[in-house]
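Peer 1: No letters, just coordinates:
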């Protein structure tokens, strides 16, 4: 596998946030961008806090020295890793943009009116 430049974690479900994978990636220096609250899992598993950026919906983060901007956007889903922590953290989709390219990562969601909000918020995604 080629070197990883960025890890994006949409939410804290086991199929998106896997301890052995995060533990291995934490040995390197790759930055993580994730939804609000998910950073606590990452930090607990060994990712240094300065490598973690948590975003609320419509917040953006520019990856230093890359020209790459990641913006969290709504998603119709939920979060939780156990019986008593449902919706304790945020879940997100993400728009990833550079000068030449744009990618939308939906996370886990179905067809939802949230896509209309994301499309109408496109000005927010580009700023």
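Peer 2: Yep, that arrived. All of these numbers come straight from a predicted model, not from anything done at the bench.

Peer 1: Now do the SS call for the most centrally placed residue in the chain.
Peer 2: Centroid-nearest residue in the chain: residue 34, 3.1 Å away (criterion: CA atoms, centre = their mean). Three-state assignment for residue 34 (DSSP: H, G, I helix; E, B strand; the rest coil): strand.

Peer 1: Low-confidence ranges, this protein, go.
Peer 2: Within the chain, the stretches with pLDDT under 70 are 13-16, 76-89, 108, 110, 119-127.

Peer 1: Tell me where it has strands.
Peer 2: Assigned by DSSP state E, the chain shows strands spanning 7-9, 32-35, 52-55, 60-63, 68-73, 93-97, 102-105.

Peer 1: Run me through the strand neighbours of the last one, direction for each.
Peer 2: In this case it means strand 102-105. strand 93-97 (antiparallel) (DSSP bridges).

Peer 1: Next, the buried residues of the partner strand.
Peer 2: 93-97 (16 or more other CB atoms under 10 Å). (C-beta placed from N, C-alpha, C; glycine too.)

Peer 1: residues in contact with the closest residue to residue 31 other than its chain neighbours?
Peer 2: Closest residue to residue 31 apart from its sequence neighbours, by CB to CB, 6 or more residues apart in numbering: residue 51 at 5.1 Å. By CB atoms under 8 Å, 6 or more residues apart in numbering, the contact list for residue 51 reads 29-32.

Peer 1: Closest one to residue 18 out of these, please.
Peer 2: Residue 18 has its nearest neighbour among the contacts of residue 51 in residue 32, at 13.3 Å by CB to CB.
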